[in-house]
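[1] coords below, sequence missing:
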């Protein structure tokens, strides 16, 4: 489900500059995950495909990718992006190499790992059930 932005003081509530969002904190299901360091843009459609999340506050020298449509909510006032992913899920996610181009194979592994539907035309590719680590915060009652 796409993030539901909070109302802005004026103008289009969906329009923000990348410069403004860099540095926003990423809040996971169980703890802070990191902050927005950069963006991966689709060079054909100009769509933002991934937020590059810097996790250096708890996992040294690691950056991970989170698709914008995996966010639950954005708080412009708090400068935070909320995701339903745990720290452990982030830590065990497919490794991202910033020096290698992102290809469909890597994206498929990433989407399969998180149990999320893909954004591209997947043909006969089955959509896997959500992995056990997804929504772990809601099951821990």
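    Noted; the coordinates are in hand. Everything quoted here is computed from the prediction, not taken from an experiment. Residues are numbered from 1 along each chain as shown.
[2] excluding sequence neighbours, find me the nearest residue to the residue nearest to the spatial centre of the chain.
    Centroid check for the chain by Cα atoms, centre = their mean gives residue 66 as the closest residue, at 2.1 Å. Residue nearest to residue 66 in three dimensions, not counting chain neighbours: residue 51, with 4.9 Å by Cβ to Cβ, 6 or more residues apart in numbering. Heads up, the C-betas are built off the backbone N, CA and C, glycines and all.
[3] the one you found: neighbouring residues, count only.
    Residue 51 has 25 neighbouring residues, counting by other Cβ atoms under 10 Å.
[4] residue 69 too?
    13.
[5] likewise for residue 121?
    6.
[6] got it, and residue 24?
    By the criterion of other Cβ under 10 Å, residue 24 has 19 neighbours.
[7] quick one, phi psi at it?
    phi -60, psi 140 (degrees, to the nearest 10).
[8] can you pull the contacts of it?
    35-36, 74, 79-81 (Cβ atoms under 8 Å, 6 or more residues apart in numbering).
[9] if we can go back for a sec, the residue nearest to residue 66 and residue 116, how far apart?
    14 Å (Cβ to Cβ, to the nearest Å).
[10] inside helices: which ones of the contacts of residue 24?
    Taking DSSP state H, every one of the contacts of residue 24 sits outside helices.
[11] out of these, who's the most crowded?
    The contacts of residue 24, ranked by neighbours (other Cβ under 10 Å): first place residue 81, 24 neighbours.
[12] packing partners of the longest helix seen in the chain?
    In the chain, ranked by residue count with DSSP H as the criterion, the top helix is helix 104-114. For helix 104-114, not one helix or strand is in contact under the criterion 3 or more Cβ pairs under 8 Å, 6 or more residues apart in numbering; DSSP states H and E.
[13] buried sites along it?
    106-107, 110-114 (16 or more other Cβ atoms under 10 Å).
[14] need the mean per-residue confidence for it.
    Confidence over helix 104-114 (mean pLDDT, whole number) is 95.
[15] how far is it from where the chain is centred?
    Here helix 104-114 is found 13 Å from its chain centre; the criterion is Cα atoms, centre = their mean, to the nearest Å.
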